[in-house]
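Q: Have a look at this prediction, sequence included:
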Amino acid sequence: MNQQTELTETVVHINRVAKVVKGGKNFSFSAVVVAGDGAGSVGYGTGKAREVPPAIQKASEQAKRDMVRVPLVGGTVPHLVWGRWGATRVLLRPASPGTGVIAGGGVRAVMEGAGVQDVLTKIVGSRNPFNVVRATFDALSNLMTSDQVRRLRGTEPGGSAELPEDEPNGEQRVVPVVLDDAIAGVVDKEGEAS
C-alpha cells in the first residue's frame, strides 16, 4: 500500500468525443494518465467514460497496474534510442548532469514519472498525445544498460575479449581454419590458375 501512496499521477490529455445521434449529441471523454514512483518505475493507462472523473480513474488504475522498470544511469537514459507508435516517433538522448528534462507534452510526464533528471527528447511526426506516450514507452522498452548488453553477448562485466596466447617456446599458436568443401574447391582452382 505504501508504494501506491508514493506514486505520482499526471493527466496528460483529456479528449472529448461527440457522437451525433437522432436526439442530439452524446458526449464521452477519454483520458491518458501517467503514474510513476520517481525511482525508475513508470506506467500509463487510458480510460473512457461518459464523465471526466471516471475516465481519469480508469486510466489511473491501468497505469498503476501496468508499470515497467526503466534502466537509468546517473539520472539519465543509458543511450540514444528511438521509439515508435503509429506515425509518432520519439527520440530520447542522454544528457549531462544539470541539463534537466528537455521534453514536452506526454514525454515530459513519462520522464518525470520515471525519475529521469537529465534527458534531451524530440517528437517527430504526429503529436497525438496518446501516441506520444505509447511511443515513449516503446523507446523505454528498448533501453539497455551496459551490463545487460554484456550478459546478452556472453562476456563478463569489466572483462575483455581473450586473445590467443603465445606458446611457451615464444612461437605464436596457429589456429587451423576449416573450409567448407565447396569453398576449398574454389580456393584450389584459383591457386592453380595463378
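A: Received, thanks.
Q: Identify the residues contacting the closest residue to Asn128 other than its chain neighbours.
A: With sequence-adjacent residues excluded and distances taken as CB to CB, 6 or more residues apart in numbering, Asn128 is closest to Thr88, at 6.4 Å. Every residue, glycine included, has its C-beta placed from N, CA and C. By CB atoms under 8 Å, 6 or more residues apart in numbering, the contact list for Thr88 reads Ile123, Val124, Gly125, Ser126, Arg127, Asn128, Asn131, Val132, Arg134, Ala135.
Q: Return the set of residues that bridge with Thr88.
A: Trp85, Gly125 (DSSP bridges).
Q: Report the separation between it and Thr136.
A: The spacing between Thr88 and Thr136, counted by CB to CB, to the nearest Å, is 9 Å.
Q: Same check on Thr10?
A: For Thr10, the distance to Thr136 - CB to CB - is 13 Å.
Q: out of the two, which sits in the more crowded spot?
A: Higher neighbour count among Thr10 and Thr136: Thr136, with 29 against 18, using other CB atoms under 10 Å.
Q: Next, the more buried one: secondary structure please.
A: helix (DSSP: H, G, I helix; E, B strand; the rest coil).
Q: Now the residue nearest the centre of the chain: which helix or strand?
A: Among the residues of the chain, the one closest to the centroid is Leu140, at 1.7 Å (CA atoms, centre = their mean). Using DSSP states H and E, Leu140 falls within helix 129-141.
Q: That helix packs against which elements?
A: Helices and strands touching helix 129-141, by 3 or more CB pairs under 8 Å, 6 or more residues apart in numbering; DSSP states H and E, are strand 8-21, strand 24-36, strand 41-49, strand 67-69, strand 81-85, strand 88-94, helix 105-114.
Q: and the second one, how far from the chain's centre?
A: When distances are taken as CA atoms, centre = their mean, to the nearest Å, strand 24-36 is centred 25 Å away from the chain's centroid.
Q: swap in the last one?
A: The gap between the average C-alpha position of helix 105-114 and the chain average comes to 13 Å, counting by CA atoms, centre = their mean.
Q: for it, packing partners?
A: Against helix 105-114 (3+ CB pairs under 8 Å, 6+ apart) you get strand 8-21, strand 24-36, strand 41-49, strand 101-102, strand 119-125, helix 129-141.
Q: can you give me the angle it makes with strand 8-21?
A: 150 degrees (axes from the mean of the first three to the mean of the last three CA atoms, to 10 degrees).
Q: okay, helix 105-114 in CSV with CA atoms only?
A: Only the C-alpha atoms of helix 105-114 are listed here, as CSV (Å, rounded to 0.1, in the frame of the first residue of the first chain):
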residue,chain,number,x,y,z
GLY,A,105,3.8,17.0,-23.5
GLY,A,106,3.5,13.4,-22.8
VAL,A,107,7.2,12.7,-23.0
ARG,A,108,7.9,15.1,-20.1
ALA,A,109,5.2,13.4,-17.9
VAL,A,110,6.8,9.9,-18.6
MET,A,111,10.3,11.1,-17.9
GLU,A,112,9.4,12.9,-14.7
GLY,A,113,7.3,9.9,-13.6
ALA,A,114,10.3,7.6,-14.2
